[in-house]
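**Q** Next comes the sequence, and after it the predicted model I'd like to discuss.
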Amino acid sequence: MALLEIRNVVKRFGDFTAVNHVSLSVNAGEFFTLLGPSGCGKTTLLRMLAGFEQPDSGEILLDGKDVSNVPPEKRPVHTVFQSYALFPHMTVRENIAFPLKMAGWSADKIAPQVDELLEDVRLSKFGTRYPHELSGGQRQRVAIARALVDRPRLLLLDEPLSALDAKLREEMQIELINLQKEVGITFVYVTHDQGEALALSHRIAVMNSGQVEQLDMPETIYSYPRNRFVADFIGQCNVLESEVKAIHGDGTMTIAIKGCGEMKALAREGVTVGQQGWLALRPEKIKLDRELPELANEAYFKGRVHDCLYMGDVTLYIVEVGEGVRIEAMLPNSAPGLAKLFDDNDLVEIAWRFDAGSFL
Ligand code: ATP
């Protein structure tokens, strides 16, 4: 049984629908992320899980019980916000102990529980400090420890790392992954940062305009986006105008890429001959060299380098392959030395395996 089940939930503010018939379930022990651009409804959905908002219709089940109308303090659910919301006049220990004190625990029961959490968030040496004596990352770890100290069934995290600088954010991502593994509590995480979602999550629900566009493992979302919104929102993606020419019995089809020519691609269920669409292809799935062999299971085109964007670890080459058709290919700068491989106007060949992209 799923730990959390969201059934057909709708939330309106006046005549604006912020969450529009969302259904999904989250498994026990899962690190689950709601990802989407600003205004897509992810925070509103999270607030309904916490009990700060009530759905207009639909149900929210926790451990099989409908909690839609249970007030926040009665749910076995805690939330960590972007602003740490620590008590400034309390030490780290007192902050973490606070929920247990409120629940009437005795001091001798509280102490070992707080010690364990301090260890989990690697702050054992900081118990007597006050929040203003901590870095942003440490403060957020205290907030997370406080939210976990009474072992909720579900921890909700609303953009908890967005106030931190890039380097610290990366460190905290690793901490969060390890902490979640350690405590085994189910996390529902809200972010608009696709890199963060891919790095942290077991599964991601990509949201847009109050609806879930795709729900899958990070690898699937990234490699096989289901529609244009997901392809464009997550990472860089070539989106090439195409038409279905023939469907074969072996799960493949022939498509014509506009201005470029025909190639094989994976057939998607329900496609029909003549259907217009796009081939979505990640730049790093494309091979690029001065000469490439023409293989039976690959698309192959000749082209000319139009632009090079050197990015340190990789270079993005924009290759013109047909009239006005440009394909972005990303290659690692892994050769020793100043390793940019090609320059503007170089004649090159590009290829990709027919199962490297998805037809949208
Ligand atoms: P962000 O990352 O910017 O917070 P989000 O995806 O979390 O975006 P929500 O905060 O869920 O988006 O908001 C979804 C939509 O609902 C937005 O257009 C917002 O303006 C609207 N909205 C949210 N709360 C209210 C409210 N209390 N009253 C009216 N409109 C609201």
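**A** That came in fine, so what should we check first?
**Q** which residue is nearest the middle of the chain?
**A** Geometric centre of the chain, nearest residue: residue 197, 2.5 Å, by C-alpha atoms, centre = their mean.
**Q** Now do that one, the pLDDT please.
**A** In this model, residue 197 is scored at 96, pLDDT.
**Q** Is it within a helix or a strand, and which one?
**A** Element membership of residue 197 [criterion: DSSP states H and E] is helix 194-200.
**Q** If you count neighbours, what's buried in that helix?
**A** 194, 196, 197, 198, 200 (16 or more other C-beta atoms under 10 Å). Yep, even glycine has a C-beta here, placed from its N, CA and C like the rest.
**Q** neighbouring contacts of it?
**A** 31, 33, 35, 161, 169, 173, 176-177, 189, 191, 204, 218, 221-222, 233-235 (C-beta atoms under 8 Å, 6 or more residues apart in numbering).
**Q** hmm, 6 Å instead?
**A** Contact partners of helix 194-200, identified using C-beta atoms under 6 Å, 6 or more residues apart in numbering, comprise 31, 33, 35, 173, 191, 204, 218, 234.
**Q** from these, which is closest to the ligand?
**A** residue 191 (8.4 Å; C-beta to the nearest ligand atom).
**Q** What is the neighbour count of the closest one?
**A** 22 (other C-beta atoms under 10 Å).
**Q** quick one: contacts for it?
**A** So residue 191 contacts 35, 159, 197 (C-beta under 6 Å, 6+ apart).
**Q** what helices or strands is the lengthiest strand in the chain leaning on?
**A** Looking across the chain with DSSP state E, the single longest strand is strand 298-310. In terms of contacts (3 or more C-beta pairs under 6 Å, 6 or more residues apart in numbering; DSSP states H and E), strand 298-310 is packed against strand 314-322, strand 347-353.
**Q** Given it, what are its sheet partners and their directions?
**A** Its sheet considered, strand 298-310 pairs with strand 314-322 (antiparallel), strand 347-353 (antiparallel) by DSSP bridges.
**Q** Can you give the distance of that strand from its chain's centre?
**A** Taking the mean of its C-alpha atoms, strand 298-310 sits 29 Å from the chain's own mean (C-alpha atoms, centre = their mean, to the nearest Å).
**Q** that older thread, present the helices and strands packed on strand 298-310 as TSV; the columns should include mean pLDDT.
**A** Listed next are the helices and strands packed on strand 298-310 as TSV, based on pLDDT from 0 to 100:
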stretch	mean pLDDT
strand 314-322	93
strand 347-353	94
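**Q** for those strands, which one sits closest to the ligand?
**A** strand 314-322 (28.0 Å).
**Q** Counting neighbours, what do you get for the residue in the stretch 151-300 of the chain that the ligand sits nearest to?
**A** Residue nearest to the ligand within the stretch 151-300 of the chain: residue 192 (5.2 Å; C-beta to the nearest ligand atom). Counted with other C-beta under 10 Å, the neighbours of residue 192 add up to 19.
**Q** I'd like the distance between it and residue 11.
**A** 19 Å (C-beta to C-beta, to the nearest Å).
**Q** Alongside the ligand, which residues does the stretch 1-150 of the chain contribute?
**A** 13, 18, 36, 38, 39, 40, 41, 42, 43, 44 (C-beta under 6 Å from any ligand atom).
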